[in-house]
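Visitor: only the shape, not the letters, is given here:
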């Protein structure tokens, strides 16, 4: 078993020796022995748990077992790295399936949302009201009076995972049903020209597929094709929408970018030769400008001009979870959520630009 906490002191004080720890909550005849010098807890039947600190995530690469316990995962400085490293060690055959317990304040971090959405995850919550018998009456009354009804209160008192992920890039996006939010199952293919925002990243190639309805953008689907290329994306779009006029709004850098295609071709020429019309700005807009444009489409002046069908799961996940690096205005690309979001940005900047008039590069890019 792996016991993973934020820092060694937290592991000792909360997971092992504290009121909610292993030593105080095990029957005397089954109580384990805590050996702090070797970071181990050993039970009378021979089972043992090794203690790991989130400060040294690489140590988890050496773990091999079938059980893990993360305490306060949402407070780790590097939750995804710790989580990913442990997954490779959860491989031993046992009488029960490998399983991981997470006890944490439900801070709205992307990883926690992803884990909660897994079909094998069981979520158990408990509020401060349920634990009232074990809390100081003075502390309880003061905390409740100050924080009840606030976002922090919902998180800390009622153990709710908030939709508002901290530091979200696309803070205007809401997963609530339209018109309160941007998710709308009534979005449908109207038969109009197909608009595709395209990010050329190879792993994955990301596409956002939409139609125009008046001054609104209705997203039909979002594709993420791993280890792919522009030719494969073109073939998939033609397969899905045969005999349709398809307009690609790609990353403007594709005008010069070389792919794995024959020498002399670019992403733009490949798309053009596949029969698509390519529309792109002459120069790539600043990231902050295209993000602001998307924010305005998501919600501005009481309107939500961007509606997304629930099947576009990759886009909904990306908009919900892409964040800025803590304390900066730099998007956290390590999360992988940026590619599909970029594809949406390119589409909206080109076809639904509410911030500025720009000049498009269109036409045949064959050579």
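Guide: The structure has been received and is ready for your questions. It should be emphasised that the depicted structure is a prediction, and the values quoted were computed from it without experimental measurement. Residues are numbered from 1 along each chain as shown.
Visitor: what's the end-to-end length of stretch 9-25?
Guide: By CA to CA, to the nearest Å, the extent of stretch 9-25 from end to end equals 19 Å.
Visitor: what's the burial count for residue 78?
Guide: 12 (other CB atoms under 10 Å). Yep, even glycine has a C-beta here, placed from its N, CA and C like the rest.
Visitor: need the contact list for the closest residue to it other than its chain neighbours.
Guide: With CB to CB, 6 or more residues apart in numbering as the measure, residue 57 is the residue that lies nearest to residue 78, at 5.8 Å, once sequence neighbours are left out. For residue 57, the contacting residues are 78, 81, 82, 85, taking CB atoms under 8 Å, 6 or more residues apart in numbering as the criterion.
Visitor: drop anything exposed from those.
Guide: The neighbour-count test (16 or more other CB atoms under 10 Å) marks 81, 82, 85 as buried among the contacts of residue 57.
Visitor: excluding its backbone neighbours, what's nearest the first one?
Guide: Closest residue to residue 81 in three dimensions, ignoring its sequence neighbours and counting by CB to CB, 6+ apart: residue 57, at 4.6 Å.
Visitor: mind checking pLDDT for the one you found?
Guide: Here the pLDDT value assigned to residue 57 is 92.
Visitor: likewise residue 27?
Guide: In the prediction, the pLDDT value recorded for residue 27 is 93.
Visitor: next one: residue 366
Guide: Confidence per residue is given as pLDDT, and for residue 366 that number is 48.
Visitor: could you do residue 225 as well?
Guide: pLDDT, residue 225: 88.
Visitor: for residue 72, see how far away it is.
Guide: 36 Å (CB to CB, to the nearest Å).
Visitor: what do you get for residue 347?
Guide: Using CB to CB, one gets 39 Å for the distance from residue 347 to residue 72.
Visitor: do residue 178 as well
Guide: For residue 178, the distance to residue 72 equals 36 Å [CB to CB].
Visitor: next: residue 241.
Guide: To residue 72, residue 241 is 47 Å away according to CB to CB.
Visitor: what about those two, which has more around it?
Guide: Applying other CB under 10 Å to residue 241 and residue 72 shows that residue 72 carries more neighbours, namely 20 against 16.
Visitor: elements contacting the lengthiest helix in the chain?
Guide: When the chain is parsed with DSSP state H, its longest helix is helix 338-351. Using 3 or more CB pairs under 8 Å, 6 or more residues apart in numbering; DSSP states H and E, the elements in contact with helix 338-351 are strand 194-199, strand 205-213, strand 216-225, strand 246-250, strand 277-281, helix 287-298, helix 313-321.
Visitor: mean confidence for that helix?
Guide: In the prediction, helix 338-351 has an average pLDDT of 95.
Visitor: angle of it against helix 313-321?
Guide: Helix 338-351 and helix 313-321 meet at an angle of 90 degrees, taking axes from the mean of the first three to the mean of the last three CA atoms, to 10 degrees as the criterion.
Visitor: now the angle between helix 287-298 and helix 338-351, please.
Guide: With the same axes, to 10 degrees as the criterion, the two stretches helix 338-351 and helix 287-298 enclose an angle of 80 degrees.
Visitor: show me which residues of helix 338-351 are buried.
Guide: When neighbours are counted by 16+ other CB under 10 Å, the buried residues of helix 338-351 are found to be 338-351.
Visitor: do the same with stretch 3-12
Guide: When burial is assessed from 16+ other CB under 10 Å, stretch 3-12 yields the following buried residues: 3, 4, 5, 6, 10, 11, 12.
Visitor: now for those, which pair is the farthest apart?
Guide: Spanning the widest gap among the buried residues of stretch 3-12 are 4 and 12, at 13.2 Å by CB to CB.
Visitor: check the secondary structure at residue 18 for me.
Guide: Using DSSP: H, G, I helix; E, B strand; the rest coil, the three-state assignment for residue 18 comes out as coil.
Visitor: residues contacting it?
Guide: Contacts for residue 18 were tallied using CB under 8 Å, 6+ apart; they are residue 24.
Visitor: any low-confidence regions in this protein?
Guide: Scanning the chain for pLDDT under 70 picks out the ranges 95, 108, 151-152, 161-166, 254, 256-264, 357-367.
Visitor: please report how far the residue nearest the centre of it lies from residue 350.
Guide: If you average the C-alpha coordinates of the chain and look for the closest C-alpha using CA atoms, centre = their mean, you land on residue 321, 3.8 Å from that point. Using CB to CB, residue 321 is found at 25 Å from residue 350.
Visitor: ditto for residue 69
Guide: Computed with CB to CB, the distance linking residue 69 and residue 350 is 49 Å.
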